[in-house]
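Undergrad: just need the structure, nothing else, for what follows:
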Amino acid sequence: MKKKLVVALSILMASFAVSTHSIQAQDGRRERPEQNLSAAQRADNQIQRMTKALSLTPDQVNQIKPMLLELNQKREAMRDAPDKRAAMKDMRDFVTAQDEKMKSILSADQYTKYEDIKEDAKDRMKGRKGRRD
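TA: Numbering: from 1, shown residues only. Purely as a prediction, here's the structure:
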């Protein structure tokens, strides 16, 4: 009798978990793993992806990593800013300045790939914005 009850409860819990997951997926409200990371953790993840995608040298990693940390810290501060428009303008200016630094750190081929990756990310974000309710 206890075995049947345990099996029935297990099946019920599994079906509930699956249905909850599918409802979240349909609503588009699935939590992204990077949402809860600190600025330093995000920078580490970004530098790993960039190292793989751009074949960064250790010297390039040492130059870029602090830039990514600062960028992520500014993003966090921007979320809490009282004047969002001013914060967005400051962020755009900051990113433009960082891109100039990246141009001097990366080789021409790496910078071209970097720009392509950024453009792809922009396209994905535009597609994501269109799906919001």
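
Undergrad: from here on, contacts and neighbour counts on C-alpha atoms
TA: Noted.

Undergrad: per-domain residue ranges of this structure.
TA: 1-30, 37-130 (automatic domain parsing).

Undergrad: format those domains as JSON lines; extra columns: mean neighbour count and mean pLDDT.
TA: Formatted as JSON lines, the domains of the chain follow (neighbours: other CA atoms under 10 Å; pLDDT from 0 to 100):
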{"stretch": "domain 1-30", "mean neighbour count": "11", "mean pLDDT": "56"}
{"stretch": "domain 37-130", "mean neighbour count": "14", "mean pLDDT": "90"}
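
Undergrad: how about the helices in this structure?
TA: 2-27, 39-54, 58-79, 84-105, 108-130 (DSSP state H).

Undergrad: show me what the shortest one is packed up against.
TA: So that's helix 39-54. Helix 39-54 sits against helix 58-79, helix 108-130, with contacts defined as 3 or more CA pairs under 8 Å, 6 or more residues apart in numbering; DSSP states H and E.

Undergrad: of those helices, which is nearest residue 44?
TA: helix 58-79 (7.4 Å; CA to CA).

Undergrad: just name whatever secondary elements the closest one is in contact with.
TA: Using 3+ CA pairs under 8 Å, 6+ apart, helix 58-79 sits against helix 39-54, helix 84-105.

Undergrad: and the angle from the shortest one to helix 108-130?
TA: Per axes from the mean of the first three to the mean of the last three CA atoms, to 10 degrees, the angle that helix 39-54 makes with helix 108-130 is 120 degrees.

Undergrad: now the longest one
TA: For helix 84-105 against helix 108-130, the angle between stretch directions is 160 degrees (the same axes, to 10 degrees).

Undergrad: cheers, nothing more for now.
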